[in-house]
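A.B. asks: Okay, here's the prediction I keep looking at, along with the sequence it came from:
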Amino acid sequence: GEGKTAAEDVTNLRENRTAVSILLIVGTVIFASMSIGYTLLSWARADGSTREGTLASIASIIFVGITTMVFIMMGTTFPVIGTATEKMIGDRLIEAQWVMVLSDSMFPSIMLAWAFGNVVLGSALLLENKINKIASGFLLAVGILMVIMHLLAGIDDKPAVMFMVPMLLSAISPIVLGIFNLRSES
C-alpha cells in the first residue's frame, strides 16, 4: 500500500514478497490487538441496564466490527502476494490491482469506525467513573479529533500535521487507557 497507484503496489509486492508478508503479519497482529483490547474493555463494561453499560455494549460491537475489518483488509493482500509473479499479466494483473485498491480503501473506513468507537467508549467510561477521568476524557477527545479529521478530509491545502496528530494520539490512547484501567482494578 505504499505506492502512488495500485500498479505500483502490485509491483512492490512482486519485488518484495517475503518482506511484505512478514510486515503484513506483524502489522496485522499489532493493529488487530489494539482493536481486540478495546473490544475486551468494552465488553467487560457492557451492562444493558445502565446508560454507560449500553454505550459500552455498542462500543464492543463497533470494535468487533473493526477487528473483522482489520483482518479482511490485511488478509486481502495475501492472494496478491501468492500470485505476484513476473508472469502476472493481463486480467490477473488488473484483478491484483483492484484487490489492492479495495484493501487500501478499507483503512479510512476502519479509522472512521474507530473514531466513533472511541467516542462511544470514552463516553461510557466517563459516565461509569471507574477509570481515571483524564484517561476516559483523553479517549473521548481522541475520538472527537478523529471524527473532525474525517470531516476535514475533503479540504484542499491542509497541513499534514492535521492528520498526524489524531493518528498519533489514537496509537497512544490505548496505552494510557490500559495503564489507568490496570490501576483502577488494583
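C.D. replies: Right, received. Where do you want to start?
A.B. asks: So which elements touch the longest helix that the chain contains?
C.D. replies: Ranked by residue count, the top helix of the chain under DSSP state H comes out as helix 91-128. Applying 3 or more C-beta pairs under 8 Å, 6 or more residues apart in numbering; DSSP states H and E, we find helix 91-128 packed against helix 6-15, helix 17-45, helix 51-75, helix 77-83, helix 133-151, helix 161-185. In short, each C-beta sits where N, CA and C put it, glycine included.
A.B. asks: Who are the packing partners of the fifth one?
C.D. replies: To tie it back to what came earlier, the one meant is helix 133-151. helix 91-128, helix 161-185.
A.B. asks: Report the separation between the closest residue to L140 other than its chain neighbours and N16.
C.D. replies: In space, and not counting its chain neighbours, L140 is closest to G122: 2.9 Å by C-beta to C-beta, 6 or more residues apart in numbering. Distance from G122 to N16, counting by C-beta to C-beta, to the nearest Å: 39 Å.
A.B. asks: do M74 as well
C.D. replies: Using C-beta to C-beta, M74 is found at 16 Å from N16.
A.B. asks: one step back: in terms of neighbours, single out the busier of G122 and N16.
C.D. replies: G122 (24 against 14; other C-beta atoms under 10 Å).
A.B. asks: Who are the contact partners of that one?
C.D. replies: Residues near G122 by C-beta atoms under 8 Å, 6 or more residues apart in numbering: S136, G137, F138, L139, L140, A141, V142, G143.
A.B. asks: can you check S42 too?
C.D. replies: Contacts of S42 by C-beta under 8 Å, 6+ apart are A56, S57, A59, S60, F63, G117, L121, A124.
A.B. asks: Tell me how many other residues surround the nearest residue to D47 once chain neighbours are set aside.
C.D. replies: Nearest residue to D47 in three dimensions, chain neighbours excluded: G53, at 3.0 Å (C-beta to C-beta, 6+ apart). Using other C-beta under 10 Å, G53 has 16 neighbouring residues.
A.B. asks: cool, P79 as well?
C.D. replies: 12.
A.B. asks: From what I see, it and W98 are in contact.
C.D. replies: No - counting by C-beta atoms under 8 Å, P79 sits too far from W98 to count as a contact (11.6 Å).
A.B. asks: excluding its backbone neighbours, what's nearest G117?
C.D. replies: Closest residue in space to G117, ignoring its immediate chain neighbours: I62 at 4.0 Å, by C-beta to C-beta, 6+ apart.
A.B. asks: For the one you found, give me the pLDDT.
C.D. replies: In this model, I62 is scored at 97, pLDDT.
A.B. asks: residue contacts, it?
C.D. replies: Listed by C-beta under 8 Å, 6+ apart, the contact partners of I62 are A113, F116, G117, V120.
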